[in-house]
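Asks: Make a model of this:
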Amino acid sequence: MKTLPALLALTGTLLTIASAASTNRPPNILFIMTDDLGIADLGVYGSDYHLTPRLDRLAAEGMRFTDAYSASPVCSPTRAAVLTGRYPHRLHLTDALPWDRLPVNPRLVPPNHLKELPASDATYAKALREAGYRTGLIGKWHLGNEHEFFSGGRHRDYGFDEAFDADYRKINQVDKAVDTLTDRALGFIESNRDRPFMLALHHHTPHVPLAVPAEYESRYDNIPVGELHKKKQYAGMMSHLDDAVGRLLDKLDELKLSDNTIVIFTSDNGGTSGQTSNLPYREGKATLYEGGIRVPLLVRWPGHIKPGSVCNAATVSTDFFPTFLEAAGQPLQPDAHLDGQSLLPWLRGEKPDPTRAVYWHLPHYRHKGPQSAVRDGHWKLIHNIEPDTNELYDLAQDPGEANDLASAQPERTKELAAKLDTHLTESGAQRMRPNPDYDPQTPRGPISEMGVFYPKQGGTVQQVKDREYPVWFKHAESARQP
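Replies: The predicted structure follows:
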C-alpha cells in the first residue's frame, strides 16, 4: 500500500505528464468573423460610444492590428479569400453571392463571376481536418447553396466536420441569432475539449436590418452619444456581440483551454455607411476606400503573443489559411494559399515585410462604381474602372484619403497603376468589357439584382427578378469552371 507522500509524488508525476501532453497538442483555433463590423466600432479601435469591454480586454491580452484589410469590401469574396488563401479576383468570385448586380445601360459589362465556391478548391478546413483537427463552421456561409451546405452535408466537401446556422426566417428578428450561434459554439467547444479543434464562428451581426434585445439597447439610456457613433440600437448590438465573445472566452477558461487556444476576431469588410461611422477613414462597405476594407483584427495566443502588442503590418484575409497551418505545426501549402502570408512572424514580434503589396478588384457596379486598388508600402492607388481614372494617397500622412496626389506625382501613379494591371493579368482576374449596346445619350439607370436566390433552410430556388438578363450581359467574360 502506497504512503501518502508516495501517492502525492505519483499524482505530481501524472500531472506533469498530462501537462506535457497538453503542451504538445496543437493549439485550438477559434476564428470569429462578424458581418459589416467597422474599423472604429470597438472601444479599443476608438469608438466614443460603444461599450466593448471584453473585446477591449482581448486586445490587451494579445495583439491588435492597425492595418488589417478584408480581401473585398463586400461579404462573399472575403469569405472565399479566408477559406482558400487566394484573392477573390483569382477565384473569379468578386461580388456578394448569388446574383449579378446590373444597371440599366452601363458603359461597361461586369464579368459573369462565380456564383458558388467550388468544393474542389483547397481550403484551410480540409488541411486542418487532415492534420487531425475537428473542424466546424457556425453561422454565415454565403458561398453557395445554403440549404445544401448546412442540411445536405455539403459542408464536409469544403472540409468542415460540422456546420450550423440559425433559421434564416428568424435571423433578422430580435438579435441576429447572436445567442443561438454562441450557444452552438459553446457546445462545439465543450464536445471537442479533448482534441484539437478549429471553429469558425461567423456572426450575422451587425449587418442590416439592425436587431438587438431591448435590454442591450437600454444599456445606453443614460450614456451620451459620441461624436463618432450615435445609434443606440447599433451600440446595443456591439454590447450584445461583446458579451457573446465574453461567454466564449469564459468557456475556454472554464475548460482550461485558454492557454492553448488561438482566438482571432475580425470582420468581413468595413462598416456600412449610414449605420456606423468609419472615421477617420473614408467611405464604407462596397468601396475600396479605407473605410470599406480596413477592419478590426485582434489575436490572442497566451505564451506566444506579447500582451498589449500592436502590429502595423498590412495584412489581408488571405493570410489566415497559412497562419492556421503554421500555428498547427503543419507545412505550408504555397500552391494553395497563393496570396497569403503567415501572420506568425508578426505575432512573435518580428518586423513586417516592407516590400509586400496588397491588391483588390471589384469589377461590379456598386455604391462608388467599379474599382481596383493596390497598397504598396504606405502608398495606395485606386483605379476607378469607370471612369478610367486613378487616385493616389499617402496613407502615412493621409489615412483618411482626403488629398489625391495623382496629379502631383504622375510617375508614382503610373508605376503603381502598371503594377496593379500586371497583377490583375497574372492572377487571371476578370475584366469589365465595353457594352456593345451602350447608348451614350441615355444616362445609366438603377442597379437591379439578377439571377436566382439560393435555397436556405427548407427554402426553394427563387428568381430574384422576373425578367431575363439583358442581351448585352451575354458578352460578359465567363467565370472559371469548377
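Asks: Do you have the strands of the stretch 101-250 of the chain handy? List them.
Replies: Remark: strands assigned in the stretch 101-250 of the chain by DSSP state E, counting those that start in this stretch are 108-109, 134-139, 162-164, 197-202.
Asks: Could you export those strands as CSV, including mean neighbour count?
Replies: C-beta here means a position set from N, CA and C on the backbone, and glycine is covered the same way. Compiled in CSV, these are given as follows (neighbours: other C-beta atoms under 10 Å):
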stretch, mean neighbour count
strand 108-109, 22
strand 134-139, 25
strand 162-164, 19
strand 197-202, 24
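Asks: got those strands as TSV, with distance to residue 98 columns?
Replies: As requested, the strands of the stretch 101-250 of the chain are arranged in TSV below (distance: least, C-beta to C-beta, whole Å):
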stretch	distance to residue 98
strand 108-109	19
strand 134-139	18
strand 162-164	18
strand 197-202	17
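Asks: if I look at the residue lying closest to residue 221 once chain neighbours are set aside, how far off is residue 222?
Replies: Nearest residue to residue 221 in three dimensions, chain neighbours excluded: residue 232, at 8.0 Å (C-beta to C-beta, 6 or more residues apart in numbering). Using C-beta to C-beta, to the nearest Å, one gets 11 Å for the distance from residue 232 to residue 222.
Asks: who's more crowded, those two?
Replies: Under the criterion of other C-beta atoms under 10 Å, the comparison of residue 232 against residue 222 puts residue 232 first, with 18 against 6.
Asks: ok, that one - contacts?
Replies: Listed by C-beta atoms under 8 Å, 6 or more residues apart in numbering, the contact set of residue 232 reads 217, 220, 221, 225.
Asks: Can you flag the buried ones in those residues?
Replies: 217, 220 (16 or more other C-beta atoms under 10 Å).
Asks: ok, back up a step: can you check the pLDDT for the residue nearest to residue 221?
Replies: Residue 232 carries a pLDDT value of 97.
Asks: where exactly do the helices run in the stretch 1-150 of the chain?
Replies: Under the criterion DSSP state H, counting those that start in this stretch, helices of the stretch 1-150 of the chain are mapped to 4-24, 53-61, 75-84, 88-91, 124-130, 146-150.
Asks: So which bits of the second one are buried?
Replies: Read that as helix 53-61. Burial within helix 53-61, assessed by neighbour count using 16+ other C-beta under 10 Å, is assigned to 54, 55, 56, 57, 58, 59, 61.
Asks: just how off-centre is that helix within its chain?
Replies: Here helix 53-61 shows a centroid-to-chain-centroid distance of 19 Å under the convention C-alpha atoms, centre = their mean, to the nearest Å.
Asks: That helix packs against which elements?
Replies: Where contact means 3 or more C-beta pairs under 8 Å, 6 or more residues apart in numbering; DSSP states H and E, helix 53-61 is packed against helix 232-254, strand 261-267, strand 297-300.
Asks: for the shortest one, what is the average pLDDT?
Replies: Mean pLDDT, strand 297-300: 98.
Asks: After that strand, which helix or strand is next? Please name it.
Replies: Helices and strands here follow DSSP states H and E; after strand 297-300, the next one along the chain is strand 309-311.
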